[in-house]
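[1] could you work out the structure for the sequence below:
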Amino acid sequence: NFNNIRPREYSGAYLTFPGMSNSVSLNEHQKDAVAHSLYGGSTLFAHCVGAGKTFEMVTSIMEAKRLGISHKALMIVPGHLTEQTGEEFQRLYPQAKILVATKKDFEKQNRREFIARVATQNWDAVVMSYEQFKRIKVSQERQEALYQSEINRVTEALIHESGTSWGKSYSVRQLEKKKKSLESKLEKLQQEGEKDKEGVIDFEELGVDRLCVDEAHYFKNLYTPTRLSGVAGIGTSESDRSWDLYLKCQYINEITNNKGVIFATGTPVSNSMTELFTMQRYLAAPRLAAQQLSHFDAWAANFGEISVGMELKPEGRDYQLKTRFAKFHNLPELMNMFKEFADIRTSDMLKGTIKVPEAEYVVERLQPSAEQKEIIDTLAVRAQEIRAGKKPLVEKVDGTMTEDSMLLVTNAGRNLALDQRIIHPSLPDHPDSKVNRCVNNVLATYRENMENKGTQIIFCDQSTATGKGRGGFNVYDDIRTKLIRAGIPKE
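    Numbers count the residues shown, from 1 in each chain. Alright, predicted model coming up:
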């Protein structure tokens, strides 16, 4: 079934791109990616950062329009990149007729008019954010059909699971819970009937037949029914945003014979093994069906390996046996299936094409303070109580009380590892903490490079000066204050 696939190699060397600006020249790998999207099916541009994925999508849109493969494209991007993407599109194709959605366009009084403009005019491409895209719904009939299809998938999984010796296992309970949730959503949808509260037309009526999704990893949380939901390494989280995209991808693939969707991301697989299967569901569902791998459990049985090993507990004390979906097997066959729709370019493959400065990595290893060790002991006790079914109330950052959980324990551990004062601002400022070591290193580099006027950037995604950190102790303000006090000008 599997050892009979030879992935096609695409060459875009002969492509000429009429209408493209003379000031821009695509690299070889970009031309090959465009060829893949034009002559293959729905495509994933799995290219590293800096490889030029935006230009690849724009070129694919314009070439597909020129060749008559598509008529109107929709490009969705993160909200902060909407206008920038529109500018890049216009820079590459100055004569392109594009429509870029603004926040004002999707205000209640303007939304109907904007969507009517999308539907009634002959645009080369429409650019909008994820949030705006989600507010354009597919028809009720299609939503009902998809919900029923997912209910059938979950029902099949339940029938299979009930016939095993697992009995009323955690997996069965999860599947039953999901089935009830889907049935509830379907019932609510049916009760609403054909009522359209905003009078906005359906997604199918926009005339879009090509969909490009930038930073597609934001849509990885597509629900996957499985009896392995209790196994680490298998993501079963879900989001409405991913479900909405799945509905629309199915429609585009249906009207284009599975040739109308393009995903672009530098991290197609980041946290769990199910992300690879999810990408296949979005872009290569017919191949999964042909290989009888539409259900994740069948896919995992062929390509995954579940192992049991010792792992450090979340609270950082002692070890535990952990069942984990740890690695792939039959990897050549899996990669052949993946490469049918994925155009892969890693940084190693593009050496010499992408100019990246050489970096020197310095890892600072520090010892915990006495106070940190004591707090770690309390975290271990909290974790044991949670496992025993006890969930005492603990104080949150904002001063309110809430039921303890492993998430709160691990979050406290992360904060403690950065600086003990995040846990308790009254604790002493340990002289050899991470924050103080960082300040000393920055000062040393500043003094060494005063003649060159060198610039340093400090990255920190915890304990920021905004949000929960505002008004209390936070690492941002602490570092800034210490650097100013040591002589670095405030401005």
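
[2] quick one: the helices in the stretch 251-400 of the chain, in order.
    For the stretch 251-400 of the chain, the helices defined by DSSP state H, counting those that start in this stretch occupy 274-283, 285-290, 296-303, 331-339, 370-387.

[3] should've said the stretch 51-200 of the chain
    53-66, 82-92, 108-120, 130-134, 140-162, 170-192.

[4] which neighbouring elements make contact with the helix or strand of the chain with the lowest mean pLDDT?
    Within the chain, no helix or strand scores below helix 170-192, which has a mean of 75 by mean pLDDT, DSSP states H and E. Helices and strands touching helix 170-192, by 3 or more Cβ pairs under 8 Å, 6 or more residues apart in numbering; DSSP states H and E, are helix 140-162. The way it works is simple: take the backbone N, C-alpha and C, and place the C-beta from them, glycine included.

[5] what's the helix it packs on packed up against?
    helix 170-192, helix 240-256.

[6] now it: buried residues?
    For helix 140-162, burial by neighbour count (16 or more other Cβ atoms under 10 Å) applies to 140, 142, 143, 146, 147, 150, 151, 153, 154, 157, 158, 161.

[7] do stretch 54-71 as well
    54-65, 69-70.

[8] now, the most widely separated pair of those?
    54 and 69 (19.8 Å; Cβ to Cβ).

[9] before we move on, the earlier item: want to throw the buried residues of stretch 54-71 into TSV with distance to residue 44 and pLDDT?
    Listed next are these as TSV, based on distance: Cβ to Cβ, whole Å; pLDDT from 0 to 100:
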residue	distance to residue 44	pLDDT
54	15	95
55	16	96
56	11	96
57	11	96
58	17	96
59	16	96
60	12	96
61	16	96
62	20	96
63	18	96
64	16	95
65	21	95
69	18	94
70	18	94
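
[10] go through those and name the one nearest residue 239.
    Of the buried residues of stretch 54-71, the one sitting nearest to residue 239 (Cβ to Cβ) turns out to be residue 57, at 22.8 Å.

[11] I figured that closest one hits residue 262, correct?
    Yes: with contacts counted by Cβ atoms under 8 Å, residue 57 reaches residue 262, the gap being 5.8 Å.

[12] intersection of neighbour lists for these two?
    Common neighbours of residue 57 and residue 262, using Cβ atoms under 8 Å, 6 or more residues apart in numbering, are 45, 212.

[13] what is the burial count for residue 208?
    24 (other Cβ atoms under 10 Å).

[14] does it touch residue 73 like I think?
    Yes: Residue 208 lies in contact with residue 73 (Cβ under 8 Å); the separation is 7.0 Å.

[15] low-confidence ranges, the stretch 351-491 of the chain, go.
    Low-confidence segments of the stretch 351-491 of the chain, defined by pLDDT under 70: 397-398, 467-471.

[16] 80 instead?
    356, 391, 395-399, 465-472, 491 (pLDDT under 80).

[17] how about the strands in it?
    393-395, 401-403 (DSSP state E, counting those that start in this stretch).

[18] redo those strands as JSON lines? Include distance to residue 489 and mean neighbour count.
    Putting the strands of the stretch 351-491 of the chain into JSON lines (distance: least, Cβ to Cβ, whole Å; neighbours: other Cβ atoms under 10 Å) gives the following:
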{"stretch": "strand 393-395", "distance to residue 489": "39", "mean neighbour count": "11"}
{"stretch": "strand 401-403", "distance to residue 489": "43", "mean neighbour count": "11"}
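
[19] residue 456: which of the ones you listed is closest?
    strand 393-395 (36.1 Å).

[20] what strands flank that closest one, and is each parallel or antiparallel?
    With DSSP bridges as the test, strand 393-395 is paired with strand 401-403 (antiparallel).

[21] now the partner strand: how far from the chain's centre is it?
    Centre-to-centre, strand 401-403 and its host chain are 30 Å apart (Cα atoms, centre = their mean, to the nearest Å).

[22] burial of residue 88, as a residue count?
    The number of residues near residue 88, taken as other Cβ under 10 Å, comes to 17.

[23] out of the buried residues of stretch 54-71, which is nearest to residue 281?
    The closest of those, once distances to residue 281 are taken by Cβ to Cβ, is residue 57, at 20.7 Å.

[24] sorry, back to before: right, so the helices and strands packed on helix 140-162: which one is the most enclosed?
    Neighbour counts (mean count of other Cβ atoms under 10 Å) averaged over each of these peak at helix 240-256, with a mean of 19.

[25] run the chain-centre distance for it.
    16 Å.

[26] just the CA trace of that helix, in PDB.
    Extracted in PDB, the C-alpha atoms of helix 240-256 (Å, rounded to 0.1, in the frame of the first residue of the first chain):
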ATOM      1  CA  ASP A 240     -13.000  27.000  16.800                       C
ATOM      2  CA  ARG A 241     -10.600  28.800  14.500                       C
ATOM      3  CA  SER A 242      -9.100  25.500  13.300                       C
ATOM      4  CA  TRP A 243     -12.600  24.000  12.800                       C
ATOM      5  CA  ASP A 244     -13.700  27.000  10.800                       C
ATOM      6  CA  LEU A 245     -10.600  26.800   8.500                       C
ATOM      7  CA  TYR A 246     -11.200  23.000   8.100                       C
ATOM      8  CA  LEU A 247     -14.700  23.700   6.800                       C
ATOM      9  CA  LYS A 248     -13.500  26.200   4.300                       C
ATOM     10  CA  CYS A 249     -10.500  24.100   3.100                       C
ATOM     11  CA  GLN A 250     -12.900  21.200   2.500                       C
ATOM     12  CA  TYR A 251     -15.100  23.500   0.300                       C
ATOM     13  CA  ILE A 252     -12.100  24.900  -1.600                       C
ATOM     14  CA  ASN A 253     -10.600  21.400  -2.200                       C
ATOM     15  CA  GLU A 254     -14.100  20.100  -3.300                       C
ATOM     16  CA  ILE A 255     -14.500  22.700  -6.000                       C
ATOM     17  CA  THR A 256     -10.900  22.600  -7.200                       C
END
